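A.B. asks: Task: produce atomic coordinates for the following.
(chains A and B)
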Amino acid sequence: MLLIHGLGANSIQYIEKRSGDAGLILLLACLACTPLRILTGSPLFTKFRRPLGLYAFAYAALHFLIFLGLDYGFVWNQILPLLIQKTYLWIGLITFLILLLLAVTSTRGWQKRLKKNWLRLHALVYITGFLVITHFAMSIKGNLLLLRGEVFWPFVSLVTLVILLAIRLKPVRALVSRLRR
Amino acid sequence: MEPNLRNEITPEKLYFSRRKFIALFGTVGLSAALAACGISSPLPSGTPNGPTATAEPDTLTPLDTITHYNNFYEFSLQKEDVADKAANMKTSPWTIEISGLVEHPQTIAVSDLMKTYASEERIYRLRCVEGWSMVIPWSGFPLNKLLTDIGVKDQAQYVKFTTPLDLTLFPGEGDPTFPWPYVEGLRLDEARNDLTILATGLYGKPLPNQDGAPIRMVVPWKYGFKSIKSISKIELVTDQPAAFWPTTNSYEYGFYSNVNPNVPHPRWSQATERRIGELARRPTLMFNGYADQVANLYAGMDLVKNF
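C.D. replies: Numbering: from 1, shown residues only, chains lettered A, B, ... in the order given. Next comes the predicted model:
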């Protein structure tokens, strides 16, 4: 009863969407840590990078589990063809798998083991940002290329991501440190 | 099976007691049964007009659900917010302008329409293109009766319906990413089919604002976006109308939009749906289960091309 009446008419769709939203927001928050450190000079932000990334993964995992278990009731003969055929779904799957890989290798143990390659591996998080926004953009009703329909939030997420990544670029970093002096 | 329940307007007391019974036992019993092992519920259900092409019964969706889960972008993109935002919508007086290729063009008040055409109860499944569905007890009259009275000229091929373009009524129309006003259309034979109704009531009471007051169309064998709400214009035309969702994205939303589990949406499958209130998904039915009444309209037509 609670599941059906507690969260509105379509509770499953509601929590599926909200867990996805949370994952996206937390991932962007994680990706904002280094830019905020660049802008403010404060090392406080670097401390939050890993926990935010792990929370993003946790919500992505929850989102995926809701899709598999609640939305489609673990009916694999429906799920597997969908995951393969539908672009927006396999983009979601790839995003999740990358986040899983990053979560598993997020520990100091793995940093020691991989050394230089750890940074290379975790650079995958930038692709994840674009993938998750693409997955989100493909879930709305509208026309992304013509900017028709429910394009506002995917657009805002994309602009946010681009700004966050731009701040990391060498010329921008140099400009920021000049301005801060 | 008797396709419609003409002149069987259920007394309000019975409506709400039946609704409560179904809502209470239907939701718990049905979902428990389905969650357990997919056995269909033995409980009574609202019988939708038209044959149910599946063993799973259709249970009436509770009024509370129908009035708090609405795609009505004229008010909000959030389904749960529409009821509040539509609360103060001015739905009276309201007129429909009838024009185009008709013998008797006119502007008619909704109150007069309701006096002229007796209200019938029509219980229909409504299937949204997004993949959810409900079972809704509408009150209304067949569009065909109105079309007969206004005298459709021979050259007319389509009926075009329009919702008002009016920011004081519909603040959501300020969103520039959509091609306002909401327009929909039907081929003349689709409009004349007995299943196509103009609805003015829900559960025996006047249509709530968020459900398309004061008058809307219901075309149960097509995806829900074809069932245009708050109609102010009906025109008889020669050209296929440019409808709202096909204009927003013509690759994904078509003119015909017949419910068809074999024609996927480009980004998601249409083979299953979530009946609101149920735990497990259901298989989607061809023409939403109304194939007996409408399949002949599309004989020989390529339903993949004409989606």
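
A.B. asks: which ones are touching the closest residue to chain B within chain A?
C.D. replies: Using C-beta to the nearest C-beta, the single residue of chain A nearest to chain B is A:Ala9, 3.5 Å away. Backbone N, C-alpha and C define where each C-beta goes, glycine included. Contact partners of A:Ala9, counting by C-beta atoms under 8 Å, 6 or more residues apart in numbering or on different chains, are B:65, B:68-69, B:79-80, B:276-277.

A.B. asks: Go again with 7 Å.
C.D. replies: Neighbour list for A:Ala9: B:65, B:68-69, B:276 [criterion: C-beta atoms under 7 Å, 6 or more residues apart in numbering or on different chains].

A.B. asks: Also B:Gly201?
C.D. replies: B:119, B:138-140, B:207.

A.B. asks: is it true that it lies in a strand?
C.D. replies: Yes. B:Gly201: assigned to a strand according to DSSP: H, G, I helix; E, B strand; the rest coil.

A.B. asks: Tell me which residues of the helix ranked longest in chain A come out buried.
C.D. replies: Criterion DSSP state H: the longest helix present in chain A is helix A:11-40. The neighbour-count check on helix A:11-40 (16 or more other C-beta atoms under 10 Å in any protein chain shown) flags A:11-16, A:19-20, A:22-39 as buried.

A.B. asks: quick one: average pLDDT of it?
C.D. replies: Averaging pLDDT along helix A:11-40 yields 95.

A.B. asks: those helices in the chain, which residues are they?
C.D. replies: In the absence of a named chain, chain A is used. A:2-5, A:11-40, A:44-65, A:76-85, A:87-104, A:108-114, A:116-122, A:124-137, A:152-167, A:170-180.

A.B. asks: Hmm, no, I was thinking of chain B.
C.D. replies: For chain B, the helices defined by DSSP H occupy B:12-21, B:27-37, B:63-66, B:82-85, B:110-116, B:143-150, B:188-192, B:244-248, B:291-294.

A.B. asks: Skipping adjacent residues, who's closest to B:Leu297 in space?
C.D. replies: Leaving aside its sequence neighbours, B:Leu297 sits nearest to B:Asp189 (C-beta to C-beta, 6 or more residues apart in numbering or on different chains; 5.7 Å).

A.B. asks: neighbours around that neighbour, how many?
C.D. replies: Neighbour count of B:Asp189, defined by other C-beta atoms under 10 Å in any protein chain shown: 13.

A.B. asks: go on, A:Tyr88?
C.D. replies: 15.

A.B. asks: hang on, isn't it packed against A:His135?
C.D. replies: Yes. With contact defined as C-beta atoms under 7 Å, A:Tyr88 counts as touching A:His135 (5.8 Å).

A.B. asks: hang on, the earlier thing: what's the least confident stretch among the helices of chain B?
C.D. replies: Among these, helix B:27-37 carries the lowest mean pLDDT (a mean of 39).

A.B. asks: Please name the bridge partners of the residue most central in space within chain B.
C.D. replies: Centroid-nearest residue in chain B: B:Val218, 3.3 Å away (criterion: C-alpha atoms, centre = their mean). On the basis of DSSP bridges, B:Val218 is bridged to B:Ile197.
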